[in-house]
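Enquirer: okay, here's the prediction I keep looking at, along with the sequence it came from:
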Amino acid sequence: MAETRLMTINMGPQHPATHGVLRLVLELDGEVIVKVVPHIGHLHRGVEKLAESKTYHQVIPLTDRLDYTNAMGNNLGYVLAVEKLLGIEVPKRAQYLRVMMTELQRIAAHLIWLGTHALDIGAMTLLFYNFREREEILRIFEEVAGGRLTPTYMRIGGVSKDLPDGIDEEIREFVQAFPDHMKEYETLLTKNVIWLKRTKGVGIISKEDAVNWGMTGPSLRGSGVKYDVRKAFPYSSYEEFDFDIPIGSVGDVYDRYIVRLREMEWSNAIVEQALERLPKGPILSDHPWVALPPKDNVLKDIDALIRQFKIASEGFQPPKGEVYVGVEASKGELGYYLVSDGSNRPLRMRIRPPSFLNLSALPKMVEGSLIADVISAIGSIDIVLGEIDR
Amino acid sequence: MAEINLAVKKLQEKFPASIVEVKTFRDEINVTVQKGDIFEICKFLYSDPDLQYQMLTDLCGVDYFPAHPRFEVVYLLFSMKNRERLRLKAKVGEGEAILSVESVWKAANWLEREVYDLFGIHFVNHPDLRRILLWDGFKGYPLRKDYPVEGPDFDKPFVPEV
C-alpha cells in the first residue's frame, strides 16, 4: 500500500499574490489545506523604536510609511493622538480638510485593493481602470500636499497647507465622475460567474470569531459586525457627516468585496459633503507650542524667529500621561498609543496595526479549503505588509 | 470623574486585592492590576454579561527603565455592548513572566508574540511563543530602552544562524 503524507510548500515571500513580502508555509493534503503558518517581519524597520528618538513633529513622516496606500489616514491617527495628549482643539476648516483627504485616500486605497484582488483571481482589466482613477486622486494630493504616496499633509494642530486655487473644481469633477466608474467595476465583477465561484462561500469567518481574533475594518464588517470607529468614537467632526456603515452577512470573500465597494461610494459622498460645507477660517491651531509662526512674521519679527527655531529644533513637552486614539483607516482600526514622560520625545509610541490582526485570523479562514482559496482570502482581508511589520 | 465606571466598580468588588491603581487621564480609564490575577480579571471582563469586553483591541509592552519593575504590559479592551474602552496594566519585572490571555481572546496570540519578540517578556500558557517580527536567531530585545537605536550589527552584513 502506498504511503500518504502531508506536503509542505512555501508560498512567498516572493509571490505575486501575497501582496508584499509575506511568507506562508502551507501543509497540504492533496489540494486541501491542513495548516497555514504565516511568517511576517521581512519589512520590519523598527518604526516604534525610531519614534522614541524623535520629537513629536518628526514622527509624522514615519507614519506615512506604515500602510503606504493610506498615508493620510496614518497621519491623521498620529496627530489626533498628540493633540489629545496636549489637549488642543483643531480649527473646523482643518478638521474638514482632514476628513476630505482621508476619505479620498480611502477611495485610493480601496482602488488598489480592488485592482490587485481582482488581478489575483484572474480579472486583469480592472487593475487598469482602478489605477486610472487612483492617479486622479494622487494628482490631487500632489497639488494639495506636495507629495503623492507620502504626502505628510497633517500637522499637529491642523494641516500643512490650505487648498490651492482651482483644486475644489478638480475634486468636484472627480466626485461627480466616480459613481460612473463604480458602475464600470461592478459590471466586470459583481455578477460575473467566475468571480462569484471564486469568492462566494470562500474564506468564511463568523461574527464571533472575527471579533475574537481582533479583526476590524471592512474585514470585520463583512462578517456582519457593525463596528466602525468613525461612528463608535467620532473624531475630526465625523459626527457631522451623513454616511452609513455597510455590512455583510455571511463573512465570505464576496461579502468583504461588497462591503468595500459600498464603502467607496460612502467615502465619495463624504468628500462631496466636506467640499460643499467646507468652513472658512484658519487651518492650523494657534497653540504656541505646536504651530510654526507664519513665514512673513519669521522674517520680520525676532519673537517669531525664536519660536520657529525652538519648535523646529527642540519640539514641545506634553504633560506626563498616556493616550490612545483609534481611527478608521482603510484596513481597519489604526490606533496610536502614546506614552509621554514629560520630555520632548515620546517614551513609547505603539501602533495598533489593523492588518496585523486581520492577517492573524487568516489560518482560521482558510484551513480546510482549497489552495486556490488562499489567494482569494489574502486579497479579501486587504493586508499591507508595511503596516504589519512596521 | 464624578461617576465611577461600571467596569471599575465591578472589578473593585470582585478583585479588591488585585487593583493597584485606578487613574483617569483625558477621559481614558487606566486600571493597574497585580500581574498574577491578569488572566482571571480578563476572563471576568470578557464574560460578565453587563460588561462584555469581547474585543482585545491592543496588547503591548512599555519599558519604564530604570524603574522597578521595569515593564508594563498594557491591555486595551473594547466592549461593543457599552461602546467603551478600558485599559488594563500589569507591571512585570525583568526576567519575569505573565499569564497569557490567548485562551480568552485569540487576538492575543500574535500580539503576545510581538511583546515577547521586542521586549523579552514571557507569556505562560501561550501555545506558540516564537519571535514574530524578527528572525529566530536574533539576539536581544530591540524595544527595551537599553537596546541601542543603531543596533550592534547595523554596519555588518546580515547572516542569520540557521
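Expert: Great, that's in hand. Since this is a predicted model, take the numbers as computed values, not measurements.

Enquirer: going forward, measure contacts and count neighbours with C-alpha atoms only.
Expert: Fine.

Enquirer: hmm, who's touching the helix or strand A:Glu387 falls within?
Expert: If you go by DSSP states H and E, A:Glu387 is part of helix A:385-389. With CA atoms under 8 Å, 6 or more residues apart in numbering or on different chains as the test, helix A:385-389 has contacts from A:19-22, A:40-45, A:65-68, A:353-356, B:133.

Enquirer: recalculate using a threshold of 10 Å.
Expert: For helix A:385-389, contacts defined as CA atoms under 10 Å, 6 or more residues apart in numbering or on different chains pick out A:18-22, A:40-47, A:63, A:65-70, A:74, A:331, A:334, A:351-359, B:132-134.

Enquirer: name the helices or strands packed onto the lowest-mean-pLDDT helix or strand in chain A?
Expert: Counting by mean pLDDT, DSSP states H and E, chain A has its least confident helix or strand at helix A:295-300, which shows a mean of 84. Helices and strands touching helix A:295-300, as assessed by 3 or more CA pairs under 10 Å, 6 or more residues apart in numbering or on different chains; DSSP states H and E, comprise helix A:302-313.

Enquirer: run the chain-centre distance for the helix it packs on.
Expert: Relative to its parent chain, helix A:302-313 has a centroid offset of 34 Å by CA atoms, centre = their mean, to the nearest Å.

Enquirer: next one: stretch A:26-35
Expert: 32 Å.

Enquirer: what sits closest to residue 79 if chain neighbours are left out?
Expert: Since no chain was named, I'll use chain A. Counting by CA to CA, 6 or more residues apart in numbering or on different chains, A:Val79 lies nearest to A:Ile156, which is 5.1 Å off, once chain neighbours are set aside.

Enquirer: that's the wrong chain, I wanted chain B
Expert: Using CA to CA, 6+ apart and skipping the chain neighbours, the partner closest in space to B:Ser79 is B:Tyr53 (4.1 Å).

Enquirer: helices of the stretch 201-350 of chain A, start to end?
Expert: Along the stretch 201-350 of chain A, counting by DSSP state H, counting those that start in this stretch, helices occupy A:207-212, A:218-221, A:229-232, A:253-276, A:295-300, A:302-313.

Enquirer: equivalent analysis for the stretch 51-200 of chain A, please.
Expert: A:60-64, A:71-86, A:92-121, A:125-145, A:167-189, A:193-199.

Enquirer: buried stuff in the last one?
Expert: Counting neighbours by 16 or more other CA atoms under 10 Å in any protein chain shown, one finds that the buried residues in helix A:193-199 are A:Trp195, A:Arg198, A:Thr199.

Enquirer: so can I have JSON lines of those showing distance to B:Arg70?
Expert: Putting the buried residues of helix A:193-199 into JSON lines (distance: CA to CA, whole Å) gives the following:
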{"residue": "A:Trp195", "distance to B:Arg70": "53"}
{"residue": "A:Arg198", "distance to B:Arg70": "51"}
{"residue": "A:Thr199", "distance to B:Arg70": "48"}
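
Enquirer: of all these, which comes closest to chain B?
Expert: The closest of the buried residues of helix A:193-199 to chain B turns out to be A:Thr199 (CA to the nearest CA; 25.1 Å).

Enquirer: tell me how far that closest one lies from B:Asn5.
Expert: Separation of A:Thr199 from B:Asn5 (CA to CA, to the nearest Å): 44 Å.

Enquirer: only the buried subset of the contacts of helix A:385-389, as a PyMOL command please.
Expert: Restricted to buried positions by 16+ other CA under 10 Å, the PyMOL selection for the contacts of helix A:385-389 reads:
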select buried, (chain A and resi 18+19+20+21+22+40+41+42+43+47+63+65+66+67+68+69+70+74+331+334+351+352+353+354+355+356+357+358+359) or (chain B and resi 132+133+134)
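
Enquirer: is it true that A:His57 touches A:Arg345?
Expert: Yes - taking contacts as CA atoms under 10 Å, A:His57 lies within contact range of A:Arg345: 9.4 Å.

Enquirer: name the residue in the two with the higher neighbour count.
Expert: A:Arg345 (24 against 20; other CA atoms under 10 Å in any protein chain shown).

Enquirer: and the gap between the more buried one and A:Glu314?
Expert: As judged by CA to CA, A:Arg345 and A:Glu314 stand 9 Å apart.

Enquirer: with B:Gln54 instead?
Expert: Taking CA to CA as the measure, B:Gln54 and A:Glu314 are separated by 42 Å.

Enquirer: compare these two (neighbour count), which wins?
Expert: In terms of neighbours (other CA under 10 Å), B:Gln54 is the more surrounded of B:Gln54 and A:Glu314; the figures are 24 against 14.

Enquirer: so the more buried one sits against B:Phe78, correct?
Expert: Yes - taking contacts as CA under 10 Å, B:Gln54 lies within contact range of B:Phe78: 6.6 Å.

Enquirer: shared neighbours, the two?
Expert: Common neighbours of B:Gln54 and B:Phe78 (CA under 10 Å, 6+ apart) are B:Tyr46.

Enquirer: send me the helix holding A:Glu387 as PDB with only the CA atoms.
Expert: Extracted C-alpha coordinates of helix A:385-389, given in PDB (Å, rounded to 0.1, in the frame of the first residue of the first chain):
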ATOM      1  CA  LEU A 385       3.000  44.400   4.900                       C
ATOM      2  CA  GLY A 386       4.400  47.900   5.600                       C
ATOM      3  CA  GLU A 387       2.000  48.200   8.400                       C
ATOM      4  CA  ILE A 388       2.100  44.600   9.700                       C
ATOM      5  CA  ASP A 389       5.900  44.700  10.000                       C
END
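
Enquirer: tell me the contacts of whichever residue of the stretch 101-250 of chain A sits closest to chain B?
Expert: Nearest residue of the stretch 101-250 of chain A to chain B: A:Trp213, at 4.2 Å (CA to the nearest CA). A:Trp213 is in contact with A:220, A:357-362, A:364, B:54-57, B:102, B:105-110, counting by CA under 10 Å, 6+ apart.

Enquirer: give me the number of residues near A:Glu240?
Expert: Using other CA under 10 Å, A:Glu240 has 11 other residues around it.

Enquirer: for the stretch 201-350 of chain A, give me the ranges with low pLDDT.
Expert: Within the stretch 201-350 of chain A, not a single segment meets pLDDT under 70.

Enquirer: switch to 80 and redo it
Expert: A:288-289, A:294 (pLDDT under 80).

Enquirer: what residues does it have near chain B?
Expert: Contact residues (CA under 10 Å from any CA of the partner chain) of the stretch 201-350 of chain A with chain B: A:208-216, A:225-227, A:232-233, A:320-324, A:326, A:333-337, A:339, A:341, A:347-350.

Enquirer: in ChimeraX, how would I select the buried members of the residues you listed?
Expert: To isolate the buried members of these in ChimeraX, using 16+ other CA under 10 Å:
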select /A:209,210,211,212,213,214,215,216,225,226,227,322,323,324,326,333,334,335,336,337,339,341,347,348,349,350
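
Enquirer: out of the residues of the stretch 201-350 of chain A next to chain B, name the ones that lie in strands.
Expert: A:321-324, A:326, A:333-337, A:339, A:348-350 (DSSP state E).

Enquirer: farthest pair in those residues?
Expert: Among these, the pair separated by the greatest distance (CA to CA) is A:Gly321 and A:Glu333, at 22.2 Å.

Enquirer: pLDDT of stretch B:41-49, averaged?
Expert: Over the span of stretch B:41-49, the pLDDT mean works out to 88.

Enquirer: burial count for B:Glu96?
Expert: For B:Glu96, the count of nearby residues is 13 (other CA under 10 Å).

Enquirer: find me the pLDDT at it, would you?
Expert: So B:Glu96 comes in at 87 (pLDDT).

Enquirer: so where's chain B shaky on pLDDT?
Expert: Using pLDDT under 80, chain B drops low at B:1-4, B:137, B:150-162.

Enquirer: quick one, strands of it?
Expert: B:19-25, B:28-33, B:55-63, B:71-79, B:84-92, B:97-99, B:122-124.

Enquirer: okay, those, which one's buried deepest?
Expert: Across the strands of chain B, averaging neighbours per residue (mean count of other CA atoms under 10 Å in any protein chain shown) puts strand B:55-63 on top, at a mean of 25.
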